[in-house]
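Colleague: Turn this into a structure:
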Amino acid sequence: MSSLHRGCRAAMPPSTWPERTSSTLSEAYYQPSLTAEYDEDSPGGDFDFFSNLVTKWEAAARLPGDSTRQVVVRSGVVLGRGGGAMGHMLLPFRLGLGGPIGSGHQFFPWIHIGDLAGILTHALEANHVHGVLNGVAPSSATNAEFAQTLGAALGRRAFIPLPSAVVQAVFGRQRAIMLLEGQKVIPQRTLATGYQYSFPELGAALKEIVA
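Modeller: A predicted model of the protein is given here:
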């Protein structure tokens, strides 16, 4: 979790109130499902270790009272150059060994790193923004669709699946859940606040990253 905080006096008008923006994980907060669709008002945060951890993170970042405008950005899998999720995925895909993880049917909530930074900046600078924002792209994709799109961006085939048993053996049961189960997360409130995505579509986002 990261937190940004600018301080000023509570006696000032709302437009100059201090702001706090914190970031947690949408893929951990909402319960995995192949059919459910989650927006910022959907319940979650109380069904396993990671969901409870996110709930505690958000509670720790929350300041008491109404004198601070507070925003929580629940991010998906952040895609960017030079590390992170893409740093682990690019080599096997470049070698033509990439493919879906597990069944591939699980949703893969993602966001380009430029848009995550943009949402955080938007949350800090736009005084009307408050509460929870889903920091995910507006176009959803399954893990299999992500694998196919990344393979296409690299000009490689992406058809070799990574079995669930291998994922659990390599990452452990708790971490494997993050890869084998997913959620369809919609940034309904993020869009309603007026944020405009630079990379709303997965294909364009991946082509920019691997270019």
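Colleague: so which helix or strand takes in Thr149?
Modeller: According to DSSP states H and E, Thr149 maps onto helix 143-154.
Colleague: So which bits of the helix or strand following that helix are buried?
Modeller: Going down the chain from helix 143-154, the next helix or strand is helix 164-171, by DSSP H and E. By neighbour count on 16 or more other C-beta atoms under 10 Å, the buried set for helix 164-171 is 167-168. For every residue, glycine as well, the C-beta is placed using N, CA and C.
Colleague: ok now helix 164-171, how far from the chain's centre?
Modeller: 22 Å (C-alpha atoms, centre = their mean, to the nearest Å).
Colleague: So which residues make contact with that helix?
Modeller: With C-beta atoms under 8 Å, 6 or more residues apart in numbering as the test, helix 164-171 has contacts from 101-103, 176, 179-180.
Colleague: what's the weakest-modelled helix or strand in the chain?
Modeller: strand 2-6 (a mean of 36; mean pLDDT, DSSP states H and E).
Colleague: sorry, back to before: which parts of the helix holding Thr149 count as buried, going by neighbours?
Modeller: Residues of helix 143-154 classed as buried: 143-151, 153-154 (neighbour count, 16+ other C-beta under 10 Å).
Colleague: Let me have those in a markdown table, extended by pLDDT.
Modeller: Converted to a markdown table, the buried residues of helix 143-154 look like this (pLDDT from 0 to 100):
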| residue | pLDDT |
| --- | --- |
| Asn143 | 96 |
| Ala144 | 97 |
| Glu145 | 97 |
| Phe146 | 96 |
| Ala147 | 96 |
| Gln148 | 97 |
| Thr149 | 98 |
| Leu150 | 97 |
| Gly151 | 97 |
| Ala153 | 97 |
| Leu154 | 96 |
